[in-house]
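[1] what's the 3D shape of this:
(one chain, ligands or ions: 2)
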Amino acid sequence: MNLFGNVTEMGHEQVLFCNGKDPDIKAIIAIHDTSLGPAMGATRMLPYVNEEAALKDALRLSRGMTYKAACANIPVGGGKAVIIGNPKHKTDELLYAYGRFVNSLNGRFITGQDVNMTPEDVRKISRETNYVVGVEEKSGGPAPVTGWGVFLGLKAAVEFRLKTSDLTGLKVAVQGLGNVGTNLCRHLHENGAKLFVTDINPERTEEIKRLFGATIVEPDEIYGLDVDVFSPCALGGILNSETIPQIKASVIAGAANNQLGEEKPDGMKLVEKSILYAPDYVINAGGLINVYNEMIGYNEEKAFKQVRNIYNTLLEIFDRADKQQITTDDASKQLAEERIANAKNLKKVLATTASANGKNGKS
Ligand SMILES: NC(=O)C1=CN([C@@H]2O[C@H](COP(=O)(O)OP(=O)(O)OC[C@H]3O[C@@H](n4cnc5c(N)ncnc54)[C@H](O)[C@@H]3O)[C@@H](O)[C@H]2O)C=CC1
Ligand SMILES: O=C(O)CCC(=O)C(=O)O
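    Numbers count the residues shown, from 1 in each chain. Ligands and ions are numbered 1, 2, ... in the order given. Sure, this is the predicted structure:
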């Protein structure tokens, strides 16, 4: 593995390999960019097939967090952490040890709850460090806010591609009916959409059928359905050379992080099929917006205004992509990079002014 090659290519500032014997812990904390503020990103625990897969996940997810924050206009940087291992083997000691690693970064990295981690786990991590968010869940946890943001982003994509703001009768296929998927289904149902759903857990599909009259399909049938929108709300990497040829929907808008298997080629395949893709890190920013607002003192009105902005930001990204004939993923990276460059320039100007004032004796 070309370790520094990968890190340099994606532009990471720092990658911390956390290793301990007692308790046995292996984790990777990736800090991508702190130009806008401390790196924020939740921690996940997964039994990765190998260490390379864990590193790739941490690198891609943390870079996605940088773009997520910049596109959402949240003044934080991008980071993410992965604990390598089977969540069934999670112990309090492991979480405390992990908390000490987070603390050793002195606030350069602030974390919360991601896949296979619970609010209770985050509370345990917080015994060892203050650099955690979502412990007290002052706002009811991030998933309802993420689900609402995804709903607004889906509406923007439907309006842009299908030229309608009326969701009545719109056919939407939802993959993954967990915390976010369930909330999304509720909004879609309340707005008259027709739901087709799948999950590997039959209890979840049965509940969504009961609550919202959804049609249940098998996990491998979800891609090829004759629907208007496909909404991935389970796993990453599901838009790839095997699944894209099956997709009949003209819009893809869902919560899962890292949906594109290979960013460039798979993004281009969607363009070739005239499928409008809402970039994951733009549409699913509701969770970050929520935890950021908890951190600075929760103000519901402000947080909701920031979430509502996901709709406008996506319209701007779709328009940019269309005008420049680039993928929506490239258009959103462009927007994020412009905002980060502006922030860096502003910092430089402020530093130069402060130093000039210092020399002139001004305070
Ligand atoms: N919770 C949040 O606020 C945020 C979540 N996300 C992302 O959104 C996605 C969903 O998050 P949550 O709802 O919180 O997770 P969750 O763990 O509550 O739900 C995921 C659901 O997907 C199902 N699933 C797993 N593999 C599947 C497969 N092959 N086919 C169909 N269903 C499958 C699981 O059984 C589960 O019901 C994740 O990728 C997460 O990283 C992104 C931003 C914020
Ligand atoms: O919970 C956090 O720390 C930030 C949100 C996050 O990690 C995500 O949006 O994937």
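[2] rest of the way, CA atoms for contacts and neighbours
    Will do.
[3] my read: Ala81 touches Ala39, true?
    No - here Ala81 does not reach Ala39: they are 10.8 Å apart, not a contact under Cα atoms under 8 Å.
[4] Compare those two (neighbour count), which wins?
    Ala81 (32 against 26; other Cα atoms under 10 Å).
[5] secondary structure class for that one?
    strand (DSSP: H, G, I helix; E, B strand; the rest coil).
[6] Local confidence estimate at it?
    The model reports Ala81 with a pLDDT of 98.
[7] for the one 5 residues further on, same thing?
    At Asn86 the predicted local distance difference test score is 97.
[8] ok, and the closest non-adjacent residue to it?
    Counting by Cα to Cα, 6 or more residues apart in numbering, Pro47 is the residue found nearest to Asn86 once chain neighbours are left out, at 4.7 Å.
[9] contacting residues around the one you found?
    Residues counted as contacts of Pro47 (Cα atoms under 8 Å, 6 or more residues apart in numbering) are Ile84, Gly85, Asn86, Pro87.
[10] For those residues, which single residue is the most surrounded?
    Neighbour-wise, those (other Cα under 10 Å) top out at Ile84, 21 neighbours.
[11] State whether it and Leu46 are indeed in contact, as I suppose.
    Yes - at 5.6 Å, Ile84 counts as touching Leu46 under the criterion of Cα under 8 Å.
[12] By residue count, what's the longest helix in the protein?
    Taking DSSP state H as the assignment, the helix of the chain that covers the most residues is helix 328-359.
[13] For it, name the packing helices and strands.
    Applying 3 or more Cα pairs under 8 Å, 6 or more residues apart in numbering; DSSP states H and E, we find helix 328-359 packed against helix 51-71, helix 263-272, strand 276-277, helix 300-324.
[14] Now do the contacts for Leu270.
    So, once contact is read as Cα under 8 Å, 6+ apart, Leu270 ends up touching Ile244, Leu276, Tyr277.
[15] Please name the nearest non-neighbouring residue to Leu335.
    Cys71 (6.8 Å).
[16] how near is that neighbour to ligand 1?
    14 Å (Cα to the nearest ligand atom, to the nearest Å).
[17] how many other residues sit next to that residue?
    Counted with other Cα under 10 Å, Cys71 comes out at 27.
[18] Verify the contact between it and Ser332 for me.
    Yes - between Cys71 and Ser332 there is a contact under Cα under 8 Å: 7.3 Å.
[19] List the residues that are in contact with both of those two.
    By Cα under 8 Å, 6+ apart, the residues touching both Cys71 and Ser332 are Val282.
[20] that older thread, and which of the contacts of Pro47 is nearest ligand 1?
    Pro87 (12.4 Å; Cα to the nearest ligand atom).
[21] so the closest one makes contact with Val115?
    No - using Cα under 8 Å, Pro87 is not in contact with Val115; the gap is 9.7 Å.
[22] Mutual contacts of the two, please.
    Met45, Leu46.
[23] With adjacent residues omitted, what lies nearest to the residue of the stretch 101-250 of the chain found nearest ligand 2?
    At 3.9 Å from ligand 2, Gly112 is the closest residue in the stretch 101-250 of the chain, using Cα to the nearest ligand atom. Nearest residue to Gly112, sequence neighbours excluded (Cα to Cα, 6+ apart): Ala42, at 4.1 Å.
[24] OK, contacts around that neighbour?
    Per Cα under 8 Å, 6+ apart, neighbours of Ala42: Gly79, Lys80, Ala81, Ile110, Thr111, Gly112, Gln113, Asp114.
[25] so what's the second one bridging to?
    Beta-bridge partners for Lys80, by DSSP bridges, are Ala30.
[26] So which bits of the stretch 251-363 of the chain are right by ligand 1?
    Ala255, Ala256, Asn257, Asn284, Gly287 (Cα under 6 Å from any ligand atom).
[27] got a list of what the residue lying closest to the last one once chain neighbours are set aside touches?
    Counting by Cα to Cα, 6+ apart, Gly287 lies nearest to Pro142, which is 4.5 Å off, once chain neighbours are set aside. By Cα under 8 Å, 6+ apart, Pro142 lies in contact with Gly134, Gly286, Gly287, Leu288, Asn290, Val291.
[28] What is the neighbour count of the residue lying closest to the second one once chain neighbours are set aside?
    I take that to be Gly286. Nearest non-adjacent residue to Gly286, counting by Cα to Cα, 6+ apart: Thr146, 4.1 Å away. By the other Cα under 10 Å criterion, the neighbourhood of Thr146 contains 26 residues.
[29] before we move on, what about the one 4 residues further on?
    A count of neighbours around Val150, defined by other Cα under 10 Å, yields 32.
[30] what does this protein put close to ligand 2?
    Counting by Cα under 6 Å from any ligand atom, the chain comes close to ligand 2 at Met40, Gly41, Ala42, Thr111, Gly112, Gln113, Ala285, Gly287, Leu288, Val291.
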